[in-house]
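Participant: Based on what follows, work out the 3D shape:
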Amino acid sequence: MAAETAAGMSESPAIARTIHLVTGEFKSTGTDGKTIEAYRWDPGTIHVKRGETVNLSIFGVNGASHPFIIDGLNVKGEVKKGKETVVTFRPDKPGTYRIICLAHPDIAHNGPMIGYIVVD
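Facilitator: Modelled structure (predicted):
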């Protein structure tokens, strides 16, 4: 349904934009023969506009479970291998916000699995 503006003209409601991410993994063998792993969000940085409604669709490719938060946007969820998780947000302040996997927050936990949402 269209909304009426002060001038009496119709205005279409904002349509949410969907941005797709996946969970990924880098894996290698160190010189000592030990396996080195690091989990990542791909893409690692996304750009959105202030006031835009965004559906963030994340598909789990690598890793069994990735519970996450989006720091500063009051968003949380969990991505599981082979499943899609969709979270919706509408940022009202410009800035850079981190999507942080709580299972892989740093090198000691096969991370850091941190991505960035840049709000213009």
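
Participant: Give me the pLDDT value at the residue nearest the centre of the chain.
Facilitator: Centroid-nearest residue in the chain, with Cα atoms, centre = their mean: residue 99, separated by 5.4 Å. Residue 99 is assigned a predicted lDDT (pLDDT) of 98.

Participant: so it sits in a strand?
Facilitator: Yes - applying DSSP: H, G, I helix; E, B strand; the rest coil, one finds residue 99 inside a strand.

Participant: got the contact list for it?
Facilitator: By Cβ atoms under 8 Å, 6 or more residues apart in numbering, the contact list for residue 99 reads 41, 68-71, 114-117. From N, CA and C alone the C-beta is placed, and that goes for glycine too.

Participant: one more time with 6 Å
Facilitator: 68, 70, 115 (Cβ atoms under 6 Å, 6 or more residues apart in numbering).

Participant: Residue 17: which of these is nearest?
Facilitator: The closest of the contacts of residue 99 to residue 17 turns out to be residue 70 (Cβ to Cβ; 15.8 Å).

Participant: Tell me, how many residues neighbour that closest one?
Facilitator: Neighbour count for residue 70, taken as other Cβ atoms under 10 Å: 19.

Participant: how about it, phi and psi?
Facilitator: Main-chain torsions, residue 70, degrees, to the nearest 10: phi -110, psi 100.

Participant: Not counting its neighbours along the chain, what's nearest it?
Facilitator: residue 99 (5.0 Å; Cβ to Cβ, 6 or more residues apart in numbering).

Participant: Also residue 20?
Facilitator: residue 57 is the one closest to residue 20 (Cβ to Cβ, 6+ apart), at 5.0 Å.

Participant: who does the one you found bridge with?
Facilitator: Residues found in beta-bridge contact with residue 57 (criterion: DSSP bridges) are residue 20, residue 86.
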